[in-house]
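1. what's the 3D shape of this:
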Amino acid sequence: MAPILAGVDNFFHVLTDWDKYLPGVVNRLVGGHGHALMLVVGVIEVAAGIGVALKPRIFSYVVAAWLGAIIINLLLIPAISTFALRDFGLLLGALALGQLSREYASR
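-> Numbers count the residues shown, from 1 in each chain. From the prediction side, this is the model:
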């Protein structure tokens, strides 16, 4: 549920201004269209959240990969790079969910 809420909030900025989590280098890579990129990120996060709810055996690994990209992104912003540790914990949780769903999906 959290990825879905965070993804939707990319459009409304109620929880936070998500654009501040985009490093300048990434904004330059997308030609200064960082806000548009963050809207795409929001859609991906909603889709990944729904995917985990419906098919955790597959989408937990998609979420783990996505969290890996987020960790790299956060490490590019020195002021908030400590958030990467939190997301590493979430990545481990996503991998654990993938393993558990593989183990128990066949039963």
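
2. remind me, longest helix of this protein?
-> helix 83-105 (DSSP state H).

3. alpha carbons only: can I get that one in CSV?
-> What follows is helix 83-105, C-alpha atoms only, in CSV (Å, rounded to 0.1, in the frame of the first residue of the first chain):
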residue,chain,number,x,y,z
PHE,A,83,17.7,7.6,3.4
ALA,A,84,19.4,5.0,1.2
LEU,A,85,19.9,2.8,4.3
ARG,A,86,16.2,2.8,4.9
ASP,A,87,15.5,1.8,1.3
PHE,A,88,18.1,-0.9,1.5
GLY,A,89,16.1,-2.4,4.4
LEU,A,90,13.0,-2.2,2.2
LEU,A,91,14.9,-3.9,-0.7
LEU,A,92,15.8,-6.7,1.6
GLY,A,93,12.2,-7.0,2.6
ALA,A,94,11.1,-7.1,-1.0
LEU,A,95,13.6,-9.9,-1.7
ALA,A,96,12.4,-11.8,1.4
LEU,A,97,8.8,-11.5,0.1
GLY,A,98,9.9,-12.9,-3.2
GLN,A,99,11.5,-15.9,-1.6
LEU,A,100,8.5,-16.5,0.7
SER,A,101,6.0,-16.1,-2.1
ARG,A,102,8.0,-18.6,-4.2
GLU,A,103,8.1,-21.1,-1.3
TYR,A,104,4.4,-20.8,-0.4
ALA,A,105,2.8,-20.1,-3.8
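
4. now for that helix, which elements pack on it?
-> Packed against helix 83-105, as judged by 3 or more C-beta pairs under 8 Å, 6 or more residues apart in numbering; DSSP states H and E, are the following elements: helix 56-75. The C-beta positions use only the backbone N, C-alpha and C, and glycine is treated the same way.

5. in the helix it packs on, which residues are buried?
-> Within helix 56-75, the residues that count as buried by 16 or more other C-beta atoms under 10 Å are 56-57, 59-64, 66-67, 70-71, 73-74.

6. other residues contacting that helix?
-> 3, 21-23, 26, 44-45, 48, 51-52, 80-81, 83-84, 87-88, 90-91, 94-95, 97-98, 101-102, 105 (C-beta atoms under 8 Å, 6 or more residues apart in numbering).
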